[in-house]
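Novice: Sharing a model that was predicted from the sequence below.
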Amino acid sequence: MNVPHRHEAAWDRAQALLEARDRAEMVTMAQDADWDRQEAGIWGIGQMGDPQDLPLLGALLGDDQVNDAAEESLKDFGAAAEPVLLAALGRPDGVGVLHALDALRAVGGPGAVPRVVRCLDDEDLNVRS
């Protein structure tokens, strides 16, 4: 597996939780106040692929510290993430919408097109572009 190599303790813990399939602890880690532990936990959630965790990842799209990790983990879910990503297009924060759009580009099916097209009229210039 391709585990990022920053702050080894957090990533080692996430890898151990993944191998143990300890979803509950991985979710706790993904909500940790420590950014490195949180990012490692988000990565682990994506690797585990439990659909129960999609709403958490969708909520994290708006978190400036971990939105990239949340986006990548949502991509790991593939088409199963589409409903959460479509819902994220209605977020009030442009950054969260941008991350949802990027993930939808990777996993979205043809049903996502009308919602994505509506983003072209968004007030946020970054979302429109």
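Specialist: Sure thing, it's come through. Numbers count the residues shown, from 1 in each chain.
Novice: center of the protein - which residue?
Specialist: Using C-alpha atoms, centre = their mean, the residue of the chain that lies closest to the mean C-alpha position is Ala70, 2.2 Å off.
Novice: In contact with it: list those residues for me.
Specialist: 42, 57-58, 60-61, 63, 99 (C-beta atoms under 8 Å, 6 or more residues apart in numbering). From N, CA and C alone the C-beta is placed, and that goes for glycine too.
Novice: before we move on, which element is Thr28 in?
Specialist: helix 23-30 (DSSP states H and E).
Novice: show me the residues around the nearest residue to Asp64 once chain neighbours are set aside that make contact.
Specialist: With C-beta to C-beta, 6 or more residues apart in numbering as the criterion, Asp64 has its nearest non-adjacent residue at 6.7 Å, and that residue is Val95. Applying C-beta under 8 Å, 6+ apart to Val95 gives the contacts 61-62, 64, 67, 126.
Novice: give me the number of residues near the nearest residue to Ala81 once chain neighbours are set aside?
Specialist: Nearest residue to Ala81, sequence neighbours excluded (C-beta to C-beta, 6+ apart): Leu74, at 4.4 Å. The tally of other residues near Leu74 (other C-beta atoms under 10 Å) stands at 31.
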